[in-house]
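3D model of this:
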Amino acid sequence: MSASGAMGLSQLEDIAGQTNVTCTPARLARYAIDGNFPSAAVRPGSAEEVAEIVKLAAREKLAVIPSGARTKLGIGMPPRKYDLALDMTRLDRVVAYDPGDLTLSVEAGIPLDRIAAELAAHRQFLPLAVPFADRATAGGTIASGVDSPLRQAYGTARDFVLGMEFVTGDGTAAKSGGRVVKNVSGYDLHKLMIGALGTLGVITKINFRTFPVPRMVRTYAAVFRGASAACKFRQAIAGSVLRLESLELLAASGEGSGQLGETAGFSFQGDRWIAVVSVAGNEEVLERSRRELESLAQRSDPSSLEWFAEISGEAREKAATYIRDYPAAILNRAPSAAIFKISQLPTEFEGFAEQCKSLATPWAVMMRGLGPTYLALLLRDVKKESIEALDSESLHLFLPDKSLRTFSLMFAPPEVKRDPIYQDTSRRNLALLQNLKKAFDPLGVLGPGRMRYEI
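All right, here's what the predicted structure looks like:
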């Protein structure tokens, strides 16, 4: 901390209570980000305490990084400065829940599994099938901006987060949106908090729209030899009248393909591409969807289709877990992997898949039916030669004159993150993003350096 750190620590204890402040190195290690450790951690118990802590940080020029269950602290750049970890897990209440209006208001530190249990009693749910969902908190999930395979049917968090309360970088408590589905309360400032990693404001409360649990859901898999037929199958589904819960195309190459295939419940070897499709509805809808999906799979390329079938039980659970927890599955098998989140036009999927096949580095890919593509390059280590090879292959995939695709580096070792080619400082909206940061966090106390446009 600064020279007045001792005084600041005493003030933190006055705000949150002595038992909710720690400077013990072993405990601070839980909050480490890319090898950077805070000097102290504090667990506020209310939004008012959060505001007071941020005001103190602004006065003392302390860099603050909020967190929940810390499952996604690997997203974002290494912090330029890190003095205080703001642990939000004591803010864990259900503030309001109206099943009839399909609305839910919760504090940011509540675990997603507690929300799921609360909603399940009324046969409702939130479509947040996100990585680490068994431990993740609502606030951390929204702040990290991770998406869900259920976006195919329900959209992203931007579509069902109705409003928020948050604390800006000068300690001001603010709110945006409301607690009703039809809301006309002006600018949706809360949407700026989604994916901002807590660098614009500390989320304290979130209002969600909830959804009825589908009557029945079935999952089907189509296994193709080669990417072309799998991409044609995806395109044929997009042009049909089918309404899906989710659709993903999965593939992997090289050394990691066998282990990842075991995790997902499929064989990726031999240039296999797997389409996993989930459909919700009554028995009649499900049966009609099965027939249509099988027909589309066969018409995509009969010579490339190995099999199409419903998957259930353990096979379905393995596939669903792999898709939901894709970053975790990758990092468990290859801790040095670089995982990219890629936005591209659907017409580019097949060309991108062909480019992946030419990569020397082992890779794994997950293409959403609607939404981004996730590409993991499975680095064996972070030696200079490995990073140089990664740079070369990244430039091959993402050169601006090759396509309209854009990318962000989602998870990677800090040695990779610091490489200049992954620091997104050339975006056309760079000035706008920097102005937003100045408006919400004028003193730069919230996660300095965590977003690439701050480099």
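
let me know the pLDDT of the closest residue to Glu354 other than its chain neighbours.
Distance criterion C-beta to C-beta, 6 or more residues apart in numbering; nearest residue to Glu354, sequence neighbours excluded, is Ala227 at 6.5 Å. (Each C-beta comes from the backbone N, C-alpha and C, glycine too.) Ala227 is assigned 93 on the pLDDT scale.

need the contact list for Ala227.
Shown in contact with Ala227 (C-beta atoms under 8 Å, 6 or more residues apart in numbering): Ala251, Asp271, Trp273, Glu350, Ala353, Glu354, Cys356, Lys357.

for the chain, which spans come out with low pLDDT?
Within the chain, the segments meeting pLDDT under 70 span 1-7, 179-187, 399-404, 423-428, 455.

go again using 50 as the cut-off
For the chain, the stretches with pLDDT under 50 are 1-3, 425-426.

spell out for me which residue occupies the centre of it.
Val146 (1.5 Å; C-alpha atoms, centre = their mean).

if I look at that residue, how far off is Gly177?
Remark: distance between Val146 and Gly177 (C-beta to C-beta, to the nearest Å) = 20 Å.

and for Ala353?
39 Å.

just give me the neighbour total for the closest residue to Lys81 other than its chain neighbours.
Leaving aside its sequence neighbours, Lys81 sits nearest to Ala63 (C-beta to C-beta, 6+ apart; 3.9 Å). Ala63 is surrounded by 23 other residues when neighbours are defined as other C-beta atoms under 10 Å.

Arg30 too?
Neighbour tally, Arg30, other C-beta under 10 Å: 15.

repeat for Ala329
Ala329 has 21 neighbours, counted by other C-beta under 10 Å.

the one helix or strand it maps to packs against which elements?
In the assignment (DSSP states H and E), Ala329 maps to helix 326-333. If contacts are counted by 3 or more C-beta pairs under 8 Å, 6 or more residues apart in numbering; DSSP states H and E, helix 326-333 sits against helix 256-264, strand 338-343, strand 373-377, strand 406-411.

using CSV, list the CA coordinates for the first one.
Presented in CSV, the C-alpha positions along helix 256-264 are these (Å, rounded to 0.1, in the frame of the first residue of the first chain):
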residue,chain,number,x,y,z
GLY,A,256,-4.7,-32.9,-26.7
SER,A,257,-7.4,-34.3,-28.9
GLY,A,258,-7.6,-37.6,-27.2
GLN,A,259,-7.8,-36.3,-23.6
LEU,A,260,-10.3,-33.6,-24.6
GLY,A,261,-12.3,-36.1,-26.5
GLU,A,262,-12.6,-38.3,-23.3
THR,A,263,-13.7,-35.2,-21.4
ALA,A,264,-16.4,-34.3,-24.0
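
buried sites along stretch 231-243?
Cys231, Lys232, Phe233, Arg234, Gln235, Ala236, Ile237, Leu242 (16 or more other C-beta atoms under 10 Å).

isn't the last one right next to Glu292, touching?
Put plainly, it is Leu242. Yes: look at Leu242 against Glu292 with C-beta atoms under 8 Å: they come within range, at 6.0 Å.

so where do the helices sit in the stretch 251-400 of the chain?
256-264, 283-300, 313-324, 326-333, 349-357, 384-398 (DSSP state H, counting those that start in this stretch).

quick check: the gap between the residue nearest to the centre of the chain and Glu310.
Noted for Val146: a distance of 28 Å to Glu310, by C-beta to C-beta.

and for Glu354?
On the measure of C-beta to C-beta, Glu354 and Glu310 end up 30 Å apart.

more neighbours: which of those two?
Glu310 (16 against 13).

contacting residues for that one?
Contacts of Glu310 by C-beta under 8 Å, 6+ apart are Arg218, Thr219, Tyr220, Arg290.

change it to 10 Å
Applying C-beta atoms under 10 Å, 6 or more residues apart in numbering to Glu310 gives the contacts Arg218, Thr219, Tyr220, Ala221, Val277, Val279, Leu286, Arg290, Leu293, Glu294, Arg316.

got it, and Leu390?
Ser336, Ala338, Leu359, Thr361, Leu377, Leu379, Val382, Ala412, Val416, Asp419, Ile421, Tyr422.

what number of residues lie near the fifth one?
Right, Leu377. 26.

cool, the last one as well?
Using other C-beta under 10 Å as the criterion, Tyr422 is surrounded by 21 other residues.

do you know how far it is from Ser105?
For Tyr422, the distance to Ser105 (C-beta to C-beta) stands at 37 Å.

what of the second one?
Distance, Ala338 to Ser105, by C-beta to C-beta: 37 Å.

coming back round to it: other residues contacting the helix holding Ala329?
Counting by C-beta under 10 Å, 6+ apart, 71-72, 74-75, 130-132, 146, 149, 248, 250, 252, 255-256, 258-260, 262-264, 321-323, 325, 337-339, 341, 364-366, 374, 376-378, 410-411 sit against helix 326-333.
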